Every structure is written in structure tokens, then in C-alpha cells.
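Enquirer: fold the following and give me the result.
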Amino acid sequence: MPRVSIAMPVYNGEEFVGEAVESLLVQTFTDFELVVVDNASTDRTQEICRSLAARDARVRYVRNDRNIGGGPNWIRAFELTGTSTYFKWAAHDDIHAPTFLELCVASLDRDPGAVLAFTRAAFVDRDGRPVAPRQLTLPLGSADVLERYEALLPSYDCLEVFGVIRRAALRRRPPIGLYMDADGVMLGGLALLGRFVEVPEVLFFNRRHAAQATTRFTRSHREWSLWWNPANAGRRVYPVWRRHLELWRTLLDAPLSFRDRVRCGRALARWTRWSRWKLLQDLTFYWKGVPPPTAGANGPDPGGTGNAAMADRERPGRGAPPA
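Expert: Residues are numbered from 1 along each chain as shown. The predicted structure follows:
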């Protein structure tokens, strides 16, 4: 079993998937497997991925018989990987510098108390041209669990979901849920288990483009919830309430001391109180006669990049930190 398993969910990614996979195949750290899970793409994604798998034995291509939705495909991609020491999700439209895996793995090897390693990052456009550096500094390497946890409650881009993660930490709970902001909730749960290590080099390039799932659903909580879970079609969903509920569940499940659980619980209570107007809006949304979200004729996410990078700099329902 290789030391690192990489899961790449993809849907209609013919424009970017080849470059994304190639950036992983040229990594200086070579002891990894890459499982590409195609969510029944209707473009040339299958042809491109089969060609890459035939060329390199580390690549395994799996195709779904039907579009199962974005969230379920991310979970299936994780489940199809092996029992490696480290795990990583990779979006089909992002780019990794050649030393990304080597330096992240080395950081985790040196630091048994760390659960995730990530590098500095930059944003690029559809053509791979630099847009802006990621100017975000969070105390995720702090020894204080409260400091780490509080830093992940306000709005942020969640790019750490694409870091190298210690698989043992992901086994404590389902790796990612089927609800809006499940990646942010997962990162909060990981921060309760241990520190995040940042490699001080820009080795990850997050592509921003109009077809990206988060770009399309940034301002629609309910459509975003449908992307995460197609079973929400036709149902009344309350995504902000669900996110807060999952944050509390993750906190209660974490192996914390009584003192740290109380400290983090107070921080989450403050955050919940500060978000009360969003919770109220979420609760009263359907009073206006708005129908529940429905799936398109061609599946849960017709015509879009159903498995694009989940992170977004202005995630719906998060907002700014409390004063």
C-alpha cells in the first residue's frame, strides 16, 4: 500500500483534469496512488482519464453509472482509496507544484501531533495565470485547541481541505458530510484533534472559473445543499441550521478534556449567537412561498463542474467573525 492515497472526484472536467493529474504524476514524492472517480461525465473526461491510467499504474480510473451528486462522489472517492498512512483530496481543476507531496509528507512525518499539512497557495484563472496570492494567516499550528478552533469558525476559503491529512484522524467520523459547508465542519473537527502544519512555500494553485460549483452556488444555500446531497431535491432544507448542528456534533464527539470542551463550546455558542439572524432567515425562508430546490433533468448538477473545488472565499452563511 502506498503511503499517500489521493482521491480526485470529477464531473465534465475535460478542460482541466489532464493538467491536474499531470501535476500530481510529476511529484518528487512518488509513493502514492491516485483514484479518479468520474461522476458520469458527458464530455471527454473518460477518454482523458483512461489514457492517463493506461500510462501510469499509480492512476486508477472509476466511472459512476450515473451522476450521484457532488457530495456523494467526494465520499465515494475517499472510500475507494486504500489504507494508506496519509490521504488527500484533489480537485480536478487545481495544480500542484512538484514538491507539494514531498514537503507535506515530510512535515507530518516530523510532527506526530499534526493532523494535516498544507502549503501556501495562490489563485489562478481559467488559463492558469496568477490572479492573487492567498493572503490568509490562521493560527492553525497553535498548541492551543481553542485558538485553532476559533480561527476556523469565521469565513475563510477552506483550501486546507486539499492538504495531506493523517488518515487516522479521518477515521474518527465520516470523512465529510452531505450538507452545506461539510468541508469547513470537517476542518474544524480536525483542528480539535491536532495542529495543522503550513509549508512556507507557494506550492498549491487554486483555479477560479465561472463553471466551478462554488462560483455557481455562492449565494444560494439551498441549491448548494442540493449539490452536496441530491436527496434534498424537493425537500425543505435548512442548511444554516444543519451546519451549526454538525459543528456541535463534531465538538461533542472530539476527544477533548472537560476544560477544553467547555472552552470550545463557549466559542461555538458565541458564534451561534452571532449568527442568529442567519439562523432566523434560514428558518423563515419557506414562509415566503419559495419552493424547495429541485434537480435538473440531467441529474443533480447538470452541465457544471459538479466536483470542482469546494472552497470559496465568501462561503454562503458564514459571514464575518463576531466582535
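Enquirer: CA atoms for contacts and neighbours, from now on please.
Expert: Fine.
Enquirer: from N229, how far out is the residue nearest to R58 when sequence neighbours are not counted?
Expert: Once flanking residues are discounted, R58 sits nearest to E33: 4.8 Å by Cα to Cα, 6 or more residues apart in numbering. Note on E33: its distance to N229, by Cα to Cα, to the nearest Å, is 27 Å.
Enquirer: excluding its backbone neighbours, what's nearest C264?
Expert: L146 (5.6 Å).
Enquirer: what's the answer for D65, then?
Expert: Nearest non-adjacent residue to D65, counting by Cα to Cα, 6+ apart: A40, 6.0 Å away.
Enquirer: mind checking the SS state of the one you found?
Expert: Here A40 is recorded as coil under DSSP: H, G, I helix; E, B strand; the rest coil.
Enquirer: who's in contact with it?
Expert: Shown in contact with A40 (Cα atoms under 8 Å, 6 or more residues apart in numbering): 11, 63-67.
Enquirer: most neighbours of all the residues you listed, which one?
Expert: Highest neighbour count within these, by other Cα atoms under 10 Å: Y11, with 29 neighbours.
Enquirer: and the next element down the chain from the lowest-mean-pLDDT helix or strand in the chain?
Expert: When the helices and strands of the chain are scored by mean pLDDT, DSSP states H and E, helix 213-217 comes last with a mean of 55. The first helix or strand that comes after helix 213-217 along the chain, using DSSP states H and E, is helix 221-228.
Enquirer: which residues touch the longest helix along the chain?
Expert: As assigned by DSSP state H, the longest helix anywhere in the chain is helix 258-274. Helix 258-274 has contacts (Cα under 8 Å, 6+ apart) with 145-146, 149-150, 153, 244, 248, 251-252, 321-322.
Enquirer: list buried residues within these.
Expert: Neighbour-count burial (16 or more other Cα atoms under 10 Å) applied to these gives 145-146, 149-150, 153, 244, 248, 251.
Enquirer: most widely separated two among the residues you listed?
Expert: V145 and H244 (19.0 Å; Cα to Cα).
Enquirer: and S275, what does it touch?
Expert: Not one residue lies near S275 by Cα under 8 Å, 6+ apart.
Enquirer: R207 contacts A121, doesn't it?
Expert: No - using Cα atoms under 8 Å, R207 is not in contact with A121, being 10.7 Å away.
Enquirer: if we can go back for a sec, separation between the residue nearest to C264 and N39?
Expert: As for L146, its distance to N39 is 38 Å (criterion: Cα to Cα).
Enquirer: quick one, strands of this structure?
Expert: Under the criterion DSSP state E, the chain contains strands at 4-10, 32-38, 59-63, 86-89, 95-96, 114-124, 130-133, 164-166, 195-207.
Enquirer: where does the prediction get shaky in the stretch 201-323 of the chain?
Expert: Counting by pLDDT under 70, the stretch 201-323 of the chain shows low-confidence ranges at 210-220, 286, 288-323.
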